[in-house]
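Chemist: Got a predicted structure plus its sequence, pasted below:
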Amino acid sequence: MNLGFFTMPIHPLDKDWRLSLREDREAFLLADELGFTEAYVGEHVTDKAENITSCIAFLAWIAAATKKIKLGTGTINMPNTHPATVAASMAMLDHMLDGRLIFGISPGGLLSDAELFGNLDANRNAMFLECINQVLEIWAGKPPYNFVGKYWNISTQKTLIGDIGQGFIAKPLQRPHPPIVVTAVAPFSKGVTEAAARGWEPISANFLMPAWVKSHWPKYVEGCERAGRPAEPANWRVAKSVFVANDAATAKAYATDPEGPYVYYYRSLFTKLKLGGRIELFKTRRDQPDDEVTLEMICDKLIIHGTPESVADQLLAFQDEVGTFGTLLYAGKDWKDRELGRQSMILMAEKVMPLVSAGTSK
């Protein structure tokens, strides 16, 4: 099992933005130093807590400071951006990273972003598909393009000057394109099947109950079979909220503190998803009454905490429950206590993962 990093950081509303950005950057650089294989960052324009407004800008900021780790958009919310902008920006970023880019995409989940960009009442899944299709057509095609869609038209027909390069849209370093991943945030996700059929790989979100994470694998297999390719567990990424400390008391206190970053993270998500009609994601069974879904239950089910030995045992039990997957994405949280936040990542890489690997091999 590989170890990666995924953060859609939810910071305190009154925290200095400069500080939270520096700490988020430091977490990525630390992940690179510790040998994490890949790392993703989310983006939202209209969220004061989830305050990375552009994952492309953030990854460009840290590109030259990282050495080996692959960096991914987690995700580009496709309906909110013109396909040509996505194509050109991602192509440039792939070159800046010397081919270490992973292209994470989604229809976007933050409703205030959808309202801002005028697609709150639109079919965002259809917009998502048209956008990614046009991005791939741009990278595979030549000027003047001349793509006509329902939501976007793309052409440089009238202004193309080929001999001086005007009218061209850049292509990525990785050909035909960087690896594409999609976030799976629904039980029995049909999107996982459709993605797998196109050669894309899934990331199961860290706010899904284990039963719903488990449901993604057969949907992935279904898509791979449709495409005539093997379904490899190594290509399945699963995000998980984990906190590791040298002693169990510290781990429990930090991970379960009502004012701590882990409970704060799930309080924010619980509020958003409940008001957005998506409380099902936090249910342990589909017929569970809404009033049984509480913040305390969510945190108890979704946060793994403890010493390295305890966390390794819990992760192995989680893998037994959901099935074998290739990369565990350590879910980043606010560094309310910087040293504990750093120490958790260090212990995860240096102590927990060797124990998990040894347990998996058995």
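Modeler: Ah, there it is.

Chemist: now the helices for this protein?
Modeler: For the chain, the helices defined by DSSP state H occupy 17-34, 55-63, 83-96, 111-116, 124-140, 190-197, 210-214, 216-227, 248-256, 261-275, 295-302, 308-322, 338-347, 353-361.

Chemist: Send me the first one as PDB with only the CA atoms.
Modeler: Extracted C-alpha coordinates of helix 17-34, given in PDB (Å, rounded to 0.1, in the frame of the first residue of the first chain):
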ATOM      1  CA  TRP A  17      -5.000  33.300   5.700                       C
ATOM      2  CA  ARG A  18      -1.200  33.800   5.200                       C
ATOM      3  CA  LEU A  19      -0.600  31.400   8.100                       C
ATOM      4  CA  SER A  20      -3.000  28.700   6.900                       C
ATOM      5  CA  LEU A  21      -1.500  28.900   3.400                       C
ATOM      6  CA  ARG A  22       2.100  28.600   4.700                       C
ATOM      7  CA  GLU A  23       1.100  25.600   6.800                       C
ATOM      8  CA  ASP A  24      -0.700  23.900   3.900                       C
ATOM      9  CA  ARG A  25       2.400  24.400   1.800                       C
ATOM     10  CA  GLU A  26       4.600  23.000   4.600                       C
ATOM     11  CA  ALA A  27       2.400  19.900   4.800                       C
ATOM     12  CA  PHE A  28       3.000  19.200   1.100                       C
ATOM     13  CA  LEU A  29       6.800  19.700   1.400                       C
ATOM     14  CA  LEU A  30       6.900  17.500   4.400                       C
ATOM     15  CA  ALA A  31       4.900  14.800   2.500                       C
ATOM     16  CA  ASP A  32       7.500  15.000  -0.200                       C
ATOM     17  CA  GLU A  33      10.400  14.600   2.300                       C
ATOM     18  CA  LEU A  34       8.700  11.700   3.900                       C
END
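
Chemist: what's the spacing between the residue positioned nearest the centre of the chain and Val182?
Modeler: Most central in the chain under Cα atoms, centre = their mean is Gly74, positioned 3.8 Å from the mean C-alpha point. From Gly74 across to Val182, the span is 11 Å (Cβ to Cβ, to the nearest Å). Where you see a C-beta, it was placed from the backbone N, CA and C, and this is true even at glycine.

Chemist: Just give the number of residues close to Tyr264.
Modeler: 19 (other Cβ atoms under 10 Å).

Chemist: Quick check: closest non-adjacent residue to it.
Modeler: Nearest residue to Tyr264 in three dimensions, chain neighbours excluded: Ile10, at 6.7 Å (Cβ to Cβ, 6 or more residues apart in numbering).

Chemist: follow-up on the earlier one: so what sits against both of Gly74 and Val182?
Modeler: Residues touching both Gly74 and Val182 by Cβ atoms under 8 Å, 6 or more residues apart in numbering: Gly104, Ile203.

Chemist: hmm, back to that, look at the closest residue to the residue nearest to the centre of the chain other than its chain neighbours and report its pLDDT.
Modeler: Spatial nearest neighbour of Gly74, excluding adjacent residues (Cβ to Cβ, 6+ apart): Tyr40 at 3.1 Å. As predicted, Tyr40 sits at a pLDDT of 98.

Chemist: what does Pro9 give?
Modeler: On the pLDDT scale, Pro9 gets 89.

Chemist: wait, isn't it in contact with Trp335?
Modeler: No - taking contacts as Cβ atoms under 8 Å, Pro9 lies outside contact range of Trp335: 9.3 Å.

Chemist: what's around Arg22, how many residues?
Modeler: So Arg22, with other Cβ under 10 Å, has 12 neighbours.

Chemist: so what's it up against?
Modeler: Arg22 touches nothing, counting by Cβ under 8 Å, 6+ apart.

Chemist: Verify the contact between Val322 and Val213 for me.
Modeler: Yes - between Val322 and Val213 there is a contact under Cβ under 8 Å: 4.6 Å.

Chemist: residues shared between the contacts of the two?
Modeler: Ser204, Val238.

Chemist: re the thing from before, is it true that the residue nearest to Gly74 touches Thr7?
Modeler: Yes - in this structure, Tyr40 is within contact of Thr7 by Cβ under 8 Å, at 7.3 Å.

Chemist: which neighbours do these two share?
Modeler: Gly74.

Chemist: what about the protein, any weak spots by pLDDT?
Modeler: The model of the chain has pLDDT under 70 over residues 361-362.

Chemist: In CSV, list the C-alpha atoms belonging to stretch 324-340.
Modeler: What follows is stretch 324-340, C-alpha atoms only, in CSV (Å, rounded to 0.1, in the frame of the first residue of the first chain):
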residue,chain,number,x,y,z
THR,A,324,-7.7,-4.1,-1.0
PHE,A,325,-6.7,-0.7,-2.4
GLY,A,326,-3.4,0.7,-3.7
THR,A,327,-3.0,4.1,-2.1
LEU,A,328,-4.1,5.4,1.3
LEU,A,329,-4.5,9.2,1.1
TYR,A,330,-3.8,10.7,4.5
ALA,A,331,-6.4,13.5,4.8
GLY,A,332,-4.9,16.8,5.8
LYS,A,333,-6.4,18.9,8.5
ASP,A,334,-5.7,22.3,10.0
TRP,A,335,-2.6,22.4,12.1
LYS,A,336,-4.1,23.8,15.3
ASP,A,337,-1.0,22.4,17.0
ARG,A,338,1.7,22.5,14.4
GLU,A,339,4.0,20.1,16.1
LEU,A,340,1.3,17.5,16.6
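
Chemist: Which positions within that stretch qualify as buried?
Modeler: Neighbour-count burial for stretch 324-340, with 16 or more other Cβ atoms under 10 Å as criterion, is recorded at 325-336, 340.
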